[in-house]
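J.: Structure of the sequence below:
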Amino acid sequence: MNSSDLSLDFLEVVEQAAIECGHTMGQGDRHKADRAAVEAMRRTLDSVPIDGTIVIGEGERDEAPMLFIGEKVGLASKDGGRGRTLPEVDIAVDPLEGTNLCATGAPNAIAVLAASERGGLLHAPDLYMDKLVVGPSSPRVQQAGTRGTLPRDGHHRFQEDLHVEGSRLRREYRVRGDGGHRWYVDEGSAVLRRGHTNEFGRHAEQSTPDPVHRHDSRRTVAYGQGTILSLWRTNLFAITAASFIGFTGFTLVMPFLPLYFQELGVSDVGDIALWSGLSLGVTPALTAILAPFWGRLGDRFGNKIMVERSLASFVIVMASMAFVTEAWQVLALRSVQGLFAGYGALSLAMAIESAPPDRAAYALGFVQTAQRMGPALGPLIGGAVAQFVGLRRAFLVTAVFYFVALILVFFMYRERARPAAAAQTGRVTFRSVLAFENFILLLAVVFALQFVDRSFGPVLPLYIAQLGTPLDRVPIIAGVLFSIAAGAGAVGHHFCGRLLRHAPARHVIAAAAAVAAIGAAGYVVAGGTGLLIVATPLFGVALGVATTATYTAASSTLPGTARGAGFGLLTTASLTGLALSPIVSGFLGATSIRAVFLLDVVALATLAVLVLRLMITSPIIGTTQAPATDEL
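T.: Residues are numbered from 1 along each chain as shown. Below is the predicted model of the structure:
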């Protein structure tokens with residue numbers, strides 16, 4: 001076969017595949033992108049004057065609609081090949097290498113084709129291999145050369161020109177292996193690059209005299225620009241501690257806000273309730289609106305600076321609240337706080353950004369545990385602080401809390417340098433974020449989980465009393481149940497990663513929602529508080545698992561350049577559920593308190609079915625593993 005006769009034909013094949021899938025870039029649908037590339041490549045191959053056979057393709061005959069192994073392609077398979085003797089060619093194809101890259105609008109997705117005479121390509125089982133490109137200075141290359149295991153002509157083979165055909169390449173690359181020159185290739189391409197071993201992240205080879213060694217991700221260089229693995233632990237500690245301190249500080253004084261209005265001179269109970277409701281509601285309302293905006297800025301300029309901006313504003317706002325003299329000033333400061341809030345979503349994005357891919361669920365669960373435990377402990381600490389220093393000075397103590405969180409993030413969290421390619425891919429719109437695979441479904445899941453979680457607050461004390469509990473014991477039993485739910489949710493957050501190691505996120509979310517529905521059903525049929533104490537930890541653990549699994553699934557769907565905006569939208573969904581749940585529970589509870597819990601059961605069961613039927617399982621989620629036991 002004369003390669004020069006067919007090279008331009010094969011080049012057109014990969015070009016057409018790249019052009020077709022290029023129209024799908026950034027739409028969030030990797031299956032659509034792959035299908036477009038496959039169809040274009042198959043169509044163009046049939047116009048090439050060959051008698052071709054696919055030997056490496058999209059799968060076996062029963063696994064792929066076209067370009068399957070053994071499929072005949074080229075003019076010989078059509079009427080145009082009659083009466084002509086065409087070259088017999090074996091072909092290996094990958095119409096779209098990097099389906100997720102194309103779907104998320106990231107660079108370096110390519111269309112691939114290799115061809116040879118009949119029998120020239122090995123039909124091997126599908127597998128993935130780690131590849132490492134090294135130079136002549138590598139100890140292994142020198143050791144092999146000393147033993148004489150390298151062929152003498154191997155040196156001269158590297159002198160030859162390296163021709164690479166692909167949709168994004170338009171030039172000839174020369175690779176040299178002689179000692180007087182460095183290997184070089186255009187570093188802007190995704191073909192071949194020589195650099196320091198640290199740049200290869202988790203593929204970096206360790207120096208060892210053993211000819212065969214096992215790769216240990218906990219001992220080698222972590223992914224990123226040469227970042228040592230322990231760095232992500234430091235980052236995780238910083239963002240977890242800052243989240244715990246910040247969320248604790250937020251609830252340190254807010255439960256006692258009605259008493260503060262009374263201290264400011266508001267005497268009418270109705271007015272106190274009005275000012276308290278407005279002041280407590282304005283911050284989450286503004287946060288729900290602006291969280292996606294701050295997340296988008298975090299994608300462009302870095303999440304760390306956005307979190308520092310939010311914490312610094314909280315220091316100023318909380319300190320200022322200690323010096324207000326009128327009720328409207330509290331409302332104004334709370335409004336300002338809402339304008340600069342949203343660091344909860346950004347901290348989750350930071351946890352994902354700094355953690356290795358196989359530690360994503362662990363990092364998310366750790367931070368979400370802190371965000372759940374902070375509000376649980378905040379009122380207890382706040383009550384003691386207010387009793388000791390007074391309500392006004394309690395705001396100054398809260399400002400100190402936020403200042404400590406700011407210091408932790410500023411000095412301990414080291415944000416990875418944002419790749420230059422990310423800045424060149426253009427702005428990510430909210431519309432494109434919503435188009436990512438499963439994302440709208442995950443928004444609905446977050447909303448439903450938060451809606452169910454917050455439905456207990458307005459009616460639980462009343463339900464406990466309705467079950468025959470003496471009134472003087474209602475507060476302590478309600479407090480115990482709320483604490484059990486918070487602690488169980490934290491446990492669920494923390495151990496979700498272990499479940500994701502053994503099952504895809506779709507199954508974990510659906511199963512957790514089903515278990516939570518069983519826990520909520522315990523409230524529906526309860527005849528006393530004993531069953532509530534049994535059902536609450538089941539409900540809390542399942543809800544915590546489902547929440548962390550949902551955010552983990554979202555993080556694997558979103559590219560790094562859109563993760564802040566995506567998590568901001570998830571925060572909007574969460575806060576919307578938080579705001580609507582008490583209203584619906586209040587109206588429904590006026591008719592029947594059991595009806596509130598019955599609604600929760602129906603919502604969770606429906607959620608489990610929808611996730612199981614509609615959610616597309618991505619292979620990325622399957623790699624999200626929990627850490628080893630010794631790391632917990």
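J.: can we go C-alpha only for contacts and neighbour counts from here?
T.: Will do.
J.: now for the helix or strand where V93 lies, which elements pack on it?
T.: Take DSSP states H and E as the rule and V93 turns out to sit in strand 88-97. With contacts defined as 3 or more C-alpha pairs under 8 Å, 6 or more residues apart in numbering; DSSP states H and E, the secondary structure elements packing on strand 88-97 are helix 3-22, helix 30-45, strand 51-56, strand 110-117.
J.: Make TSV out of those and add distance to I305, mean pLDDT and mean neighbour count.
T.: Rendered in TSV, the data for those read as follows (distance: least, C-alpha to C-alpha, whole Å; pLDDT from 0 to 100; neighbours: other C-alpha atoms under 10 Å):
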stretch	distance to I305	mean pLDDT	mean neighbour count
helix 3-22	34	85	19
helix 30-45	32	89	22
strand 51-56	48	88	24
strand 110-117	34	91	20
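J.: Please identify which of these is closest to T547.
T.: Between T547 and the helices and strands packed on strand 88-97, the shortest gap by C-alpha to C-alpha is with helix 30-45, which sits at 24.7 Å.
J.: helices or strands next to the closest one in the packing?
T.: Counting contacts by 3+ C-alpha pairs under 8 Å, 6+ apart, helix 30-45 is packed against helix 3-22, strand 88-97, helix 99-103.
J.: what sits up against the first one?
T.: In other words, helix 3-22. Outside of helix 3-22, the residues within contact range by C-alpha atoms under 8 Å, 6 or more residues apart in numbering are 33-41, 44-45, 48, 95-96, 102, 110-113, 165-167.
J.: now the helices: where do they sit in the stretch 301-450 of the chain?
T.: Using DSSP state H, counting those that start in this stretch, the helices assigned to the stretch 301-450 of the chain run over residues 303-321, 327-340, 343-354, 360-389, 391-412, 420-424, 430-434, 439-454.
J.: Just the angle for the fourth one relative to helix 391-412, thanks.
T.: Meaning helix 360-389. The directions of helix 360-389 and helix 391-412 differ by 150 degrees, with axes from the mean of the first three to the mean of the last three C-alpha atoms, to 10 degrees as the criterion.
J.: counting contacts, what elements does helix 360-389 pack onto?
T.: Short answer (3+ C-alpha pairs under 8 Å, 6+ apart): helix 360-389 packs on helix 229-253, helix 343-354, helix 391-412, helix 474-502, helix 529-557.
J.: Show the average pLDDT along the shortest one.
T.: So that's helix 343-354. Per-residue pLDDT over helix 343-354 has a mean of 82.
J.: Then the fourth one?
T.: If you average the pLDDT over helix 474-502, you get 83.
J.: Mean neighbour count, the helices of the stretch 301-450 of the chain: which tops it?
T.: Per-stretch averages of neighbours, counted by mean count of other C-alpha atoms under 10 Å, single out helix 343-354 among the helices of the stretch 301-450 of the chain, with a mean of 26.
J.: From the rest of the structure, what touches that one?
T.: Here helix 343-354 makes contact (C-alpha under 8 Å, 6+ apart) with 232, 235-236, 239, 243, 291, 295, 298, 303-304, 306-307, 310-311, 360, 363-364, 367-368, 371, 415-416, 555, 560, 563-564, 567-568, 570-571.
J.: you'd agree P379 is up against P255?
T.: Yes: proximity of P379 to P255 meets the contact threshold set by C-alpha atoms under 8 Å, at 6.7 Å.
J.: Counting neighbours, what do you get for A590?
T.: 11 (other C-alpha atoms under 10 Å).
J.: Hmm, I typed the wrong one, I wanted D472.
T.: Burial measure for D472: 9 neighbouring residues, criterion other C-alpha under 10 Å.
J.: ok, now G105?
T.: Look at G105: counted by other C-alpha under 10 Å, it has 23 neighbours.
J.: try A608
T.: Here the count is done by other C-alpha under 10 Å, and A608 has 24 residues near it.
J.: ok, now how distant is it from V601?
T.: From A608 over to V601 the distance is 11 Å, taken as C-alpha to C-alpha, to the nearest Å.
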